[in-house]
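Asker: Kindly return the folded structure for what I paste below:
(one chain, ligands or ions: 1)
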Amino acid sequence: MSLATNPQVLAEDFDFQKAIPEWTVHRAEHAITRDFVFVDFDRAFEFMTLCAAYASELDHHPEWFNVWNKVNVRLSTHSKKAITELDILMAQAMDRYAQQIS
Ligand SMILES: C[C@H](O)[C@H](O)[C@H]1CNC2=NC(N)=NC(=O)C2=N1
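Answerer: Residues are numbered from 1 along each chain as shown. Here you go, the predicted model:
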């Protein structure tokens with residue numbers, strides 16, 4: 001079974017601080033969040049375009065809200081009602097894209 005059809009729920013002792021230090025963990029909501037800020041709207045949208053391509057590839061999609069240069073992201077695996085490895089993969093990709101673009 002592929003990663004996307006049966007994503008692995010994270011171990012109880014998963015080290016979020018090590019894997020995704022910039023993200024806030026909302027355990028009760030089974031979600032992680034990060035607010036990204038870019039120089040302008042074009043950079044924010046470039047970021048979203050890169051994320052969208054990866055989301056399609058992974059079949060795992062962010063909840064996000066954009067105003068001008070800001071992109072507020074929330075990641076959760078709805079099918080599992082949990083934070084899974086897919087959320088971590090997406091978060092780390094987003095971190096890399098933001099780094100690239102800033
Ligand atoms: C059928 C398809 O694989 C699912 O609906 C995928 C699509 N994208 C998804 N994205 C997120 N964030 N959580 C999911 O459970 C999810 N499920």
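Asker: Quick check: which ranges of the protein have low pLDDT?
Answerer: Applying pLDDT under 70 to the chain flags the ranges 1-3.
Asker: Tell me the residues of it that contact the ligand?
Answerer: Residues of the chain that fall close to the ligand, judged by C-beta under 6 Å from any ligand atom: 4, 59-61, 76-79. For the C-beta atoms, the positions are set from N, CA and C on the backbone; glycine is no exception.
Asker: Show me which of these are buried.
Answerer: Applying 16 or more other C-beta atoms under 10 Å to the residues of the chain next to the ligand, the neighbour count classes 60, 76-77 as buried.
Asker: Nearest residue to residue 65 in space, please, no chain neighbours.
Answerer: Once flanking residues are discounted, residue 65 sits nearest to residue 72: 4.5 Å by C-beta to C-beta, 6 or more residues apart in numbering.
Asker: State the number of residues packed around that neighbour.
Answerer: Around residue 72 sit 15 other residues, with neighbours defined as other C-beta atoms under 10 Å.
Asker: One more: residue 47?
Answerer: As a burial measure, residue 47 scores 23 neighbours (other C-beta under 10 Å).
Asker: Please, which helix or strand holds it?
Answerer: helix 41-58 (DSSP states H and E).
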